[in-house]
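Chemist: Take a look and give me a structure for this.
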Amino acid sequence: MKMNRVLAAIVITFSLLAIGSVAFAVAAKKQNHHDGHKLVAAKLKTDGHHNIDKKGHYTASVESKGGKIAAFHVVHDTKGQIPVKKYKTNKKMVQASGSHLTYASFALPQDMDMGTVEIGYSYIDDDGNEEIYWFPAEEILDGDTGAVEYVPLNS
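Modeler: Purely as a prediction, here's the structure:
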């Protein structure tokens with residue numbers, strides 16, 4: 001009888017911890033897509049650490065090795081390293097068209113390469129916005145290893 005109570009107490013404790021950790025998970029309010037290829041293209045041929053973007057307190061950077069991206073990092077000015085999520089998709093998420101970006105959903109179907117797989121790295125900023133940097137999969141050293149399927153917020 002005592003063993004059943006102990007087991008029940010353990011199950012309840014772990015359940016409460018699981019529910020508590022879900023409450024701390026941050027859900028993004030808005031997703032902002034960035035053309036990571038354009039931001040890193042000139043630096044990709046040089047091995048090492050390269051800062052590619054700065055948004056407020058956040059600095060996004062890549063580690064390049066052999067002409068490919070080996071790692072993606074985000075550092076906050078005061079909080080230090082920020083967790084990064086890795087996405088994969090079979091859709092072209094952003095494309096360069098002159099001096100601005102055109103989201104692929106607004107592009108003509110014949111302009112899109114549907115065979116291209118893209119890898120995105122994201123973080124949630126202080127305002128709850130998810131900043132996602134998209135790269136062609138062939139530019140990523142470890143491809144889609146550890147990546148989860150991308151699902152837009154509005155789907």
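Chemist: Going by C-alpha atoms from here, please, whenever you check contacts or count neighbours.
Modeler: OK.
Chemist: Let's verify Asn32: helix, strand, or coil?
Modeler: strand (DSSP: H, G, I helix; E, B strand; the rest coil).
Chemist: measure it to Phe72 for me?
Modeler: According to CA to CA, to the nearest Å, Asn32 and Phe72 sit 17 Å apart.
Chemist: More neighbours: the two, which one.
Modeler: Phe72 (21 against 10; other CA atoms under 10 Å).
Chemist: who touches the more buried one in this structure?
Modeler: Under the criterion of CA atoms under 8 Å, 6 or more residues apart in numbering, the neighbours of Phe72 are Ala60, Ser61, Val62, Glu63, Val84, Tyr121.
Chemist: next one: Val84
Modeler: Per CA under 8 Å, 6+ apart, neighbours of Val84: Phe72, His73, Val74, Tyr121, Ser122, Tyr123.
Chemist: How about Leu39?
Modeler: Ile52, Asp53.
Chemist: Tell me which helix or strand it sits in.
Modeler: For Leu39, the host element (DSSP states H and E) is helix 36-40.
Chemist: Tell me the buried residues in that helix?
Modeler: Judged by neighbour count (16 or more other CA atoms under 10 Å), helix 36-40 contains these buried residues: Gly36, His37, Leu39, Val40.
Chemist: repeat for stretch 46-62
Modeler: By neighbour count, with 16+ other CA under 10 Å as the criterion, the buried positions of stretch 46-62 are His49, His50, Asn51, Ile52, Asp53, Tyr58, Thr59, Ala60, Ser61, Val62.
Chemist: Columns distance to Lys91 on top of the residues you listed, output as a markdown table?
Modeler: Below are the buried residues of stretch 46-62 laid out as a markdown table (distance: CA to CA, whole Å):
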| residue | distance to Lys91 |
| --- | --- |
| His49 | 28 |
| His50 | 26 |
| Asn51 | 26 |
| Ile52 | 23 |
| Asp53 | 23 |
| Tyr58 | 27 |
| Thr59 | 26 |
| Ala60 | 23 |
| Ser61 | 24 |
| Val62 | 22 |
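Chemist: Take those and keep only those in strands.
Modeler: Of the positions in the buried residues of stretch 46-62, His49, His50, Asn51, Ile52, Asp53, Tyr58, Thr59, Ala60, Ser61, Val62 sit in strands, assigned by DSSP state E.
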